[in-house]
Structure formats: structure tokens, C-alpha cells
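J.: Generate coordinates for the sequence data below:
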Amino acid sequence: MVALGRFCNVRFVSNPIVKIRSTMSEEMNMADMVGKMMDMQRKMAETQETLAGVTVTSEAGGGMVKVTATGQQRITAISIEKEVVDPEDVELLEDLIIAGVNKALEEASDRAKEEMSKAAGSFLPPGMDLSRFGL
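T.: Predicted structure coming up:
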């Protein structure tokens, strides 16, 4: 009991019905959230499978070196034109291969981020930016 001034005494009693409704509501929200998380997990797994089938090809040295990578950022092919293979200038070939691989991986990464963002976007509030999380 709390005394408010000289003329008024107030007693605060918690309402058990309100607590039950609140608890049921919280349980329903939790179940809904778990369901959404499972849906998101399934969607992300599907996106990973899709990315395994996505390929990007990039070029270096004006097309002298071509590198193909999957959406999962795995190099699957490197093609080198015969004209660029010079035993006297191996360093040039090495540089072209590195440039081609880096470019292919960057393109594959961008594609993966785009696909993952699409997958996650359906579960997020409008306007929420996931780029700082790599998505």
C-alpha cells in the first residue's frame, strides 16, 4: 500500500489476466519469430545452392587471360592465349593471372551479395541496409 498525501491510500495489485495475455502474446511472437528464422535459414540455403550454379567470367590483358568463377567464389577455369606465354616474360603472365582471378572473385562476390541480399530482404523491414554485414 502506498500513501499519497494525507487523504488517499492507493493499493497496487497486478492483474493476473493481463499477465496471462501478455505471456501468451509473447509466446506467439516468439513462435512466429522462430518460424521466420527457419524460413530465412531455408531461403539462405536455397540461395547458396543457386550460387553454386552461377558463373562469372572476367578478362585481363584485353582478353588474353580469362578466369571463370562460381557464385560461391571458386575458380573453375583459367584460359590463357598462347601469345601471352613468353618464357622470357613470365612475370607478365603471372600478373595477368592474378588480375583475372581477382576480378573474377570480385564479380562473384558482388553477385553473391546481391543474391543473399534478395533472399534476406524479404524478411527485413523496408529500407534496412545489410551492406555493413557483407550482404
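J.: Tally up the residues packed near residue 110, please.
T.: Neighbour count of residue 110, defined by other CB atoms under 10 Å: 12. Bear in mind the C-beta positions are built from the backbone N, C-alpha and C, glycine included.
J.: what helix or strand does it sit in?
T.: Residue 110 is part of helix 90-121 when elements are defined by DSSP states H and E.
J.: Tell me the helices and strands packed up against that helix.
T.: helix 16-53, strand 55-60, strand 65-70, strand 75-80 (3 or more CB pairs under 8 Å, 6 or more residues apart in numbering; DSSP states H and E).
J.: what about the ones you listed, which gets the closest to residue 105?
T.: Nearest to residue 105, of all those, is strand 65-70, at 5.8 Å by CB to CB.
J.: got the angle for the closest one vs strand 55-60?
T.: Orientation check (axes from the mean of the first three to the mean of the last three CA atoms, to 10 degrees): strand 65-70 against strand 55-60 gives 160 degrees.
J.: avg pLDDT for the helix holding residue 110?
T.: Mean pLDDT, helix 90-121: 90.
J.: Quick check: buried residues in that helix?
T.: Neighbour-count burial for helix 90-121, counted by 16 or more other CB atoms under 10 Å, picks out 93, 96-97, 99-101, 103-105, 107-108, 111-112, 115-117, 119-120.
J.: Could you check the angle that helix makes with strand 75-80?
T.: Using the same axes, to 10 degrees: helix 90-121 against strand 75-80 is 150 degrees.
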